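Undergrad: give me the fold of what follows.
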Amino acid sequence: MGVAVYFLDKLALRAGHEKDDDEADTVGCCTLKVENVECVPPNHIKFDFLGKDSIRYENTVDVEVPVYKAVEAFTKVDARGKRKGPRDMVFDTFDATDLNKELKALMDGLSVKVFRTYNASITLDRLLAEMEEADDAYADKTVDAKKADYDRANKEVAILCNHQRSVPKTHETSMAKVTEKLNAM
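TA: Model (predicted):
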């Protein structure tokens, strides 16, 4: 579980819950499959999977050597020593519910979601503080300039959390109406 918490902390991944057969095959920290991670020597891990709302998460990160070695082991054999295939879970001894129970045991109310929100909040706070410290005339900045700084910091947090704009559910209908109007011209 320590490696999963490390990923939650460093990468702000969602927990990931098991899906029904009729749901999209999206992935989170606890539902990572061997095919979703690649260990790249000496200590990089490449992630590639569909996250919430089927938004692709593709990222290569430097990790601590013990984390790298653990992931390397978790992608090769399961807890019983059986060789893993590409569709096998990286973390085969616990799921998101187990992880949330452990977090709650550490601190009442703590969950993966709270962990993610905290990371996003402290990252935004740190980025805004860094912008203010780097600019001696920050107090004299216009509201528009400060808003631009906030938007830049907020964008960094969105990148951390893999928040991207997805195609709206009404996109196809809207495009059909536009096409119909164009054809009528």
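
Undergrad: all strands of the protein, in order?
TA: 37-40, 44-50, 56-62 (DSSP state E).

Undergrad: partner strands of the shortest one and their direction?
TA: Each strand that pairs with strand 37-40, with its direction, by DSSP bridges: strand 44-50 (antiparallel).

Undergrad: what of the last one?
TA: Partner strands and pairing direction for strand 56-62 (DSSP bridges) are strand 44-50 (antiparallel).

Undergrad: who touches the partner strand?
TA: 11, 24-27, 32-33, 36-40, 56-63, 67-68, 71 (Cβ atoms under 8 Å, 6 or more residues apart in numbering). In this view, the C-beta of every residue, glycine as well, is placed from N, C-alpha and C.

Undergrad: ok, back up a step: K76: which of the strands of the chain is closest?
TA: When the strands of the chain are compared by Cβ to Cβ, strand 37-40 sits nearest K76, at 9.6 Å.

Undergrad: for the closest one, buried residues please.
TA: 37, 39 (16 or more other Cβ atoms under 10 Å).

Undergrad: just the CA atoms of the longest helix anywhere in the chain, as PDB, please.
TA: Identified as the longest helix of the chain according to DSSP state H is helix 112-134. Extracted in PDB, the C-alpha atoms of helix 112-134 (Å, rounded to 0.1, in the frame of the first residue of the first chain):
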ATOM      1  CA  VAL A 112      -8.000   9.200  -1.300                       C
ATOM      2  CA  LYS A 113     -10.300  12.000  -2.500                       C
ATOM      3  CA  VAL A 114      -9.400  14.100   0.500                       C
ATOM      4  CA  PHE A 115      -5.700  13.400  -0.100                       C
ATOM      5  CA  ARG A 116      -6.000  14.500  -3.700                       C
ATOM      6  CA  THR A 117      -7.900  17.700  -2.800                       C
ATOM      7  CA  TYR A 118      -5.300  18.500  -0.100                       C
ATOM      8  CA  ASN A 119      -2.500  18.100  -2.700                       C
ATOM      9  CA  ALA A 120      -4.300  20.300  -5.200                       C
ATOM     10  CA  SER A 121      -4.900  23.000  -2.500                       C
ATOM     11  CA  ILE A 122      -1.300  23.100  -1.200                       C
ATOM     12  CA  THR A 123       0.100  23.100  -4.700                       C
ATOM     13  CA  LEU A 124      -2.100  26.100  -5.700                       C
ATOM     14  CA  ASP A 125      -1.100  27.800  -2.400                       C
ATOM     15  CA  ARG A 126       2.600  27.200  -3.000                       C
ATOM     16  CA  LEU A 127       2.500  28.400  -6.600                       C
ATOM     17  CA  LEU A 128       0.700  31.600  -5.700                       C
ATOM     18  CA  ALA A 129       3.200  32.200  -2.900                       C
ATOM     19  CA  GLU A 130       6.100  31.700  -5.200                       C
ATOM     20  CA  MET A 131       4.600  34.200  -7.700                       C
ATOM     21  CA  GLU A 132       4.200  36.700  -5.000                       C
ATOM     22  CA  GLU A 133       7.700  36.200  -3.600                       C
ATOM     23  CA  ALA A 134       9.300  36.500  -7.100                       C
END
